[in-house]
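Colleague: Take this sequence and fold it.
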Amino acid sequence: MTVNPNTSHPAPEMVAAIAEGKLKRGEIEPLLEHIEECAECRSEIELAGGSFRDEEPQARSGTRLLWLGIAAAAAVAAMIVLTIVGPWSLRGSRSSIAALAAVAPRSARVIEPRLSGGFIYAPFSGPARASDPTVEADRLKLGGQAAIAIEQASQNSSPEAQHAAGVAYLLVDKSSQAIERLRIAAAKSPNDAAVWSDLAAAQYAEAVSVPAPSLLPQALASADHALRIDANDAEALFNRALILERLGPAEQARAAWERYLNADPSSAWATEARSRLALMR
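Modeller: Numbering: from 1, shown residues only. Modelled structure (predicted):
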């Protein structure tokens, strides 16, 4: 099926198939350019996929249950800290995205996309086993810092605080709440490429974990928005390539990884990008 991005929209049954992730690679490729540019179609796809997200399982995995326990315990700790020292004394680096990056696990990254704010590269190999004591200890530290960022955002409506809370939610496997906070941050700070890139990361994470394929076009549009603000934003370029790889058009995904490597040719993230690109050839 060929779509003229200026004049026509996918048929309703095609929208439903996109939302359910049922289109084959060859079928979605002719639609992708139109979907990237058409907010109306993206909204229709998200609406069509809403019923799938509303029926999310009680628990996605043992790792998710562990994270929820960590987040609950860390939230109590954060409340105690904030009560003692006051909500604004931690407003600086400890509640920032940089503080979250500083305590992020080094052995394996928590989510597959790349986050803004200086997160050091670590390989992604899927959910970590709850029985691994080293991973659990690292994630307890991250959970505590995430709880502080989330609690502060409940008392501070600035885009910076909402952005930090969105990243924090994403790092504790609560991608739907991350999307909500990052959308608030994007509305308050529409020209911040980092916010839009992290929103793309959250939408990708939610699309994969629920699963909710209807969010992938939204994730792609968020990454595109970030790149319209900053064409060389490495995190947005990485996330865009990852999204296209998941969506399926191999040629466009290869081009996206090559574009990323032109902007970031030498980092550890680039090594992963080259490996992904090699597998697609």
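Colleague: got a list of what A268 touches?
Modeller: Y121 (Cβ atoms under 8 Å, 6 or more residues apart in numbering). Where you see a C-beta, it was placed from the backbone N, CA and C, and this is true even at glycine.
Colleague: Domain ranges for the chain, per the record?
Modeller: The chain is divided into the following domains under automatic domain parsing: 12-54, 62-279.
Colleague: what's the average pLDDT for the longest one?
Modeller: Averaging pLDDT along domain 62-279 gives 85.
Colleague: for the first one, same thing?
Modeller: For domain 12-54, mean pLDDT is 67.
Colleague: surely R42 meets I35?
Modeller: Yes: between R42 and I35 there is a contact at 6.3 Å, judged by Cβ atoms under 8 Å.
Colleague: any common contacting residues for these two?
Modeller: P217.
Colleague: Most tightly packed of the domains of the chain?
Modeller: Neighbour counts (mean count of other Cβ atoms under 10 Å) averaged over each of those peak at domain 62-279, with a mean of 19.
Colleague: Tell me which stretches of the chain form helices.
Modeller: 12-19, 25-37, 39-54, 62-85, 97-103, 133-153, 159-171, 175-188, 193-209, 215-229, 234-247, 250-263, 268-279 (DSSP state H).
Colleague: now those as JSON lines including distance to S125?
Modeller: Formatted as JSON lines, these follow (distance: least, Cβ to Cβ, whole Å):
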{"stretch": "helix 12-19", "distance to S125": "29"}
{"stretch": "helix 25-37", "distance to S125": "25"}
{"stretch": "helix 39-54", "distance to S125": "25"}
{"stretch": "helix 62-85", "distance to S125": "12"}
{"stretch": "helix 97-103", "distance to S125": "20"}
{"stretch": "helix 133-153", "distance to S125": "11"}
{"stretch": "helix 159-171", "distance to S125": "17"}
{"stretch": "helix 175-188", "distance to S125": "18"}
{"stretch": "helix 193-209", "distance to S125": "14"}
{"stretch": "helix 215-229", "distance to S125": "21"}
{"stretch": "helix 234-247", "distance to S125": "15"}
{"stretch": "helix 250-263", "distance to S125": "19"}
{"stretch": "helix 268-279", "distance to S125": "12"}
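Colleague: out of those, which comes closest to P113?
Modeller: helix 193-209 (3.6 Å; Cβ to Cβ).
Colleague: angle of that closest one against helix 175-188?
Modeller: With axes from the mean of the first three to the mean of the last three Cα atoms, to 10 degrees as the basis, helix 193-209 and helix 175-188 are set at 160 degrees to each other.
Colleague: Quick check: which of the helices of the chain is nearest to V110?
Modeller: helix 159-171 (5.3 Å).
Colleague: Contacts for that closest one, please.
Modeller: 95-97, 100, 104, 110-111, 115-117, 142, 145-147, 149-150, 152-153, 175, 177-182, 184-185, 188-189, 192, 194-195, 198-199, 201-202, 205.
Colleague: got the angle for that helix vs helix 175-188?
Modeller: Using the same axes, to 10 degrees, helix 159-171 lies at 160 degrees relative to helix 175-188.
Colleague: and the direction of helix 159-171 versus that of helix 133-153, what angle?
Modeller: Orientation check (the same axes, to 10 degrees): helix 159-171 against helix 133-153 gives 150 degrees.
Colleague: how about the helices of the chain, which one is nearest G126?
Modeller: helix 62-85 (8.9 Å).
Colleague: contacting residues around the nearest residue to E206 once chain neighbours are set aside?
Modeller: Residue nearest to E206 in three dimensions, not counting chain neighbours: S175, with 3.9 Å by Cβ to Cβ, 6 or more residues apart in numbering. By Cβ under 8 Å, 6+ apart, the contact list for S175 reads 169, 202-203, 205-206, 209.
Colleague: repeat for Y204
Modeller: Going by Cβ under 8 Å, 6+ apart, Y204 touches 112-113, 215-216, 219, 239, 242-243, 246.
Colleague: again, 6 Å this time
Modeller: Contacts here follow Cβ atoms under 6 Å, 6 or more residues apart in numbering; on that basis Y204 touches 113, 219, 243.
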